[in-house]
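Asks: With the sequence up front, the predicted model follows.
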Amino acid sequence: MKRGRLRVLLGAAPGVGKTYEMLTEGRRLLGDGVDVVVGIVETHGRAATAAQAAGLPTLDRRRMQHRDVELDELDVDALLARHPEIALVDEFAHTNAPGSRNEKRWQDVEELLAAGIDVITTVNVQHIASLGGVVAQITGITQRETVPDAVVRSADQIEVVDLAPQSLRDRLAAGAVYPAERIDAALSNYFRLGNLTALRELALLWLADEVDSALKTYREEHGITGTWQARERVVVALTGGPEGDTLLRRGARIAARAAGGELLAVHVTTQEGLRAAAPGALAAQRALVESLGGSYHQVIGEDVPRTLVDFARSVNATQLVLGASRRSRLSAAFTGPGIGSTVIRESGDIDVHIVTHAAAGGVLHLPRLTGGALGWRRRILGLIVAFTGGPLLSWLLFSTSNDDTITSDVLAYQLLVVVVALIGGIWPALFAAVLSGLTLDFLFIQPRFTVSIDKPLHALSLVLYVVIAILVSWIVDQAARRTRRARRAAAESELLATVSGSVLRGESAVPALISRIREAFAVSGVRLLSGDGSTGEVIATDGEPVSDGRAVSVAVGTDAATGGPRATLELHGGDLGTLERRLLDVITAQLAAAIEHRDLTQTARTADALAATDQVRTALLSAASHDLRRPLAAAIAAVGGLRAAGSSLSADDRNELIATADESLASLASLVTDLLDVSRVQAGVLAVSLASVDVTAAVLEAIDELGLGPGAVELALDPDVPSVRADPVLLQRVVVNVLANAHRYSPEGSRVRISSSRLGETAQLRIVDHGPGVAAERQDEIFAPFQRLGDTDNTTGLGLGLALSKGFTEGMGGTLVPETTPGGGLTMVISLPVDAAASDSLDSGQGG
């Protein structure tokens, strides 16, 4: 059976119109004669969405009972039996009710696809699994309903339903998304303009990456190696020279000309080709490329032009920017075409920009014929110079020779040998020495035109000449080998400086080191495993590790407890030589230090937490000695007065003393209870008994306890907010403390406003006052024990109310967050998780 096709409508936030767009497409297809059925749609009370769903064939939902709550779910069996051509299934990431055949709705959709039914569904970007952490940082809300990235990426078609952030806020304010009682909370929380802008960018970037990944897969499957200019990618080659800033800024301008253009900078560390640069220069250029919005890469390659082109092709680059050569014309004549010329020849369909700069060219000087261990190209070049320079020099000397020029002839040939040695090393120089010696004997030493010598002195001179040539060649070769080692050391220092810079710039040390190791050794993937790697626990990874039997494993550090390795580093897809392994050992030592530093940091944080707990306990005892003395002294005085006066007291005086003792003892009991509670909170041993609690009931009970009437409190409670998972006693104490604090600081004639709303899997209770408020930079201080922010009224207690409220709320799995009230005042937001059993599928995070 042919598998059905999946079409996903992706939105940045609730209310952008995903469900409406899905229903509109369903009506269009139905008009074209396609068999379309609505499997399940959540209108969330939106009139426009309900109107769009009207008239479409709709299956009845499957009703389920869970903890005395009736829940509606997608009837998969009925939909499979109906077997339409296309099914409309809303809220792709929805969690089904307990007892359903599948835990998640996307699993229901998989069954429909396997049965050959095409599906159109909706999902918000915050429900994509890999983006949950990013969304939580943006919105402060952790999404519990997620769908794996692979499931969404497997869709045959993904579309973004887009709406400008301000337009969405306008739609929300007009009541087109949520009912009136939930609008204020939504606008000041999840639907902030900054939140919506960030979520919109996240959705567009995720889709762009998905399209880019699909394009890469298509190219690999079809064996396409050429560059497709679907997105402008500009690669800038850096040498660490002074021209780097110019090249980077030019590359950034080129990338900015096209929407979505990317800037990548790459530095090739090699034994010959690019000269080793000062680490400081490369670090400054790396900082510049990151400030321009680009990324920095470092690779190792023997052939610099080919390495640059290969890197550009690996990232599907469209433009390659290089600096004009800093070599002079004479240097280029001796050493052949430069990197720029070779890159242009091998770049194919990648555009190459050669950018001139102040350091280009240079004055006429001898070439810098240093390089690595004089590879085969240099040796061949030396032989070519010997073959061509020898005959030319012989012709020139022979045409002007006489009996007096023999000395200059010998020196000229000696110069030729030295030049060949500088270019090609010892073997071409030996060849030139022997060839020039034979030529001297044949052309310039009597008898001429024969390989024979008639004077022993001439024979000695010729032997000395050859020996000198050999010694010069050997010295040049040794110098080249030392140069090679020096260049290798410089390259290693440069790499280590780059690695260290990644850590010093504030990057997470371990992931930064792993990333730099992969780039430096040009391997396909690197993994850092815990211990000896047998557990398979991955600490950090970069690239794509492959199982081709070519993994290189290196122990990282030593675990003092077990004596085994602290971690194991695996490099996949490449072989390392002796020198590379030596460099890897140095880097792994730094990696071991980074892991140890991470562990010590975690230990220090634990110690800091313990120290903070001890500090709070010390402050608590210090405050207790002062604040407990007053009610205790008053109670003792009242009881002592009753005992001393006996029957001589009047009834009124006796009653007054009894009332004073009763009030003081009650105050003392309340203070002791608060002290014990805050001690439990700080020690982390607060006893919490979670149950399903009605938010409205908790608020009404708190109002009754405080004796506040309609003139003091304004209620705006949403009846559709489900129950929360909380401790009913603790929740009431939280509401009482926060409400009492808000009422205390509200101006005369101003009412405290209490509203409730639901945001995703969280219910929020907002207690709003219009009093003096608290400066934003001091809002965290109100939760510190024994803090009254300048309030010197000793009748208000120890200042533990808000500290206890925060501790109680967090102990129940929620949060207590202060906000500034628009127009002045303080808003306390109590957020608690919704009771899953009582949830009636009102998922605000999925509404379209």
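Replies: Everything's here; your move.
Asks: Could you pull up the residues touching the closest residue to residue 45 other than its chain neighbours?
Replies: The shortest distance from residue 45 to any non-neighbouring residue, by CB to CB, 6 or more residues apart in numbering, is to residue 179 (6.5 Å). Where you see a C-beta, it was placed from the backbone N, CA and C, and this is true even at glycine. When contacts are counted by CB atoms under 8 Å, 6 or more residues apart in numbering, residue 179 touches 45, 718, 720.
Asks: Which of these sits closest to residue 729?
Replies: residue 718 (23.7 Å; CB to CB).
Asks: Next, count neighbours for residue 170.
Replies: 12 (other CB atoms under 10 Å).
Asks: now for the helix or strand containing it, which elements pack on it?
Replies: Following DSSP states H and E, one finds residue 170 within helix 165-173. Judged by 3 or more CB pairs under 8 Å, 6 or more residues apart in numbering; DSSP states H and E, the packing partners of helix 165-173 are helix 180-188, helix 193-221.
Asks: Show the contacting residues for the nearest residue to residue 511 once chain neighbours are set aside.
Replies: Distances taken as CB to CB, 6+ apart place residue 540 nearest to residue 511, at 4.9 Å, with adjacent residues excluded. Listed by CB under 8 Å, 6+ apart, the contact set of residue 540 reads 510-511, 514, 527-528.
Asks: got a list of what residue 592 touches?
Replies: Contacts of residue 592 (CB under 8 Å, 6+ apart): 556-557, 566-567.
Asks: pull the helix or strand with minimum mean pLDDT from the protein.
Replies: Within the chain, no helix or strand scores below helix 329-335, which has a mean of 51 by mean pLDDT, DSSP states H and E.
Asks: The next helix or strand after that helix: how far from the chain's middle?
Replies: Downstream of helix 329-335, the first helix or strand assigned by DSSP H and E is helix 339-346. On the basis of CA atoms, centre = their mean, to the nearest Å, helix 339-346 is displaced by 35 Å from the centre of the chain it belongs to.
Asks: The helix or strand just after helix 339-346 pairs with which strands, parallel or anti?
Replies: Remark: after helix 339-346, the chain's next helix or strand is strand 351-355, criterion DSSP H and E. Paired strands of strand 351-355, with direction, are strand 319-323 (parallel) (DSSP bridges).
Asks: Name the residues that touch the strand it pairs with?
Replies: For strand 319-323, the surrounding residues in contact (CB under 8 Å, 6+ apart) are 232-237, 239, 241, 243-244, 246-247, 250-251, 254-255, 308-309, 312, 339-340, 343, 347, 350-357, 359-360.
Asks: now the angle from it to helix 339-346?
Replies: Angle of strand 319-323 versus helix 339-346, following axes from the mean of the first three to the mean of the last three CA atoms, to 10 degrees, is 160 degrees.
Asks: Dump strand 319-323 to PDB, restricted to CA.
Replies: This file holds the C-alpha atoms of strand 319-323, laid out as PDB (Å, rounded to 0.1, in the frame of the first residue of the first chain):
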ATOM      1  CA  GLN A 319      32.000  33.000  -3.300                       C
ATOM      2  CA  LEU A 320      35.600  32.600  -2.200                       C
ATOM      3  CA  VAL A 321      37.500  35.700  -1.100                       C
ATOM      4  CA  LEU A 322      41.300  35.800  -1.100                       C
ATOM      5  CA  GLY A 323      43.900  38.500  -0.700                       C
END
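Asks: how much space is there between the residue lying closest to residue 99 once chain neighbours are set aside and residue 93?
Replies: Excluding the flanking residues, the one nearest residue 99 by CB to CB, 6+ apart is residue 64, at 6.2 Å. Computed with CB to CB, to the nearest Å, the distance linking residue 64 and residue 93 is 19 Å.
Asks: Comparing these two, which residue is more hemmed in?
Replies: The neighbour comparison of residue 64 against residue 93 (other CB under 10 Å) goes to residue 93, with 26 against 15.
Asks: Correct me if wrong, but that one is in a strand.
Replies: No: under DSSP: H, G, I helix; E, B strand; the rest coil, residue 93 falls outside any strand and is assigned coil.
Asks: isn't it right next to residue 106, touching?
Replies: Yes: using CB atoms under 8 Å, residue 93 is in contact with residue 106, at 6.6 Å.
Asks: Quick check: neighbours shared by these two?
Replies: residue 147.
Asks: strands paired with the host helix or strand of the residue nearest to residue 99, and their directions?
Replies: Per DSSP H and E: residue 64 is located in strand 62-66. In the sheet containing strand 62-66, its partner strands are strand 69-73 (antiparallel), by DSSP bridges.
Asks: now the strand it pairs with: how far from the chain's centre is it?
Replies: On CA atoms, centre = their mean, the centre of strand 69-73 falls 39 Å from that of its chain.
Asks: Then stretch 162-176?
Replies: That offset, for stretch 162-176, works out to 29 Å (CA atoms, centre = their mean).
Asks: contact partners of that stretch?
Replies: Counting by CB under 8 Å, 6+ apart, 12-13, 15-17, 46, 48, 177-178, 183, 186-187, 191, 193, 196-197, 200, 203-204 sit against stretch 162-176.
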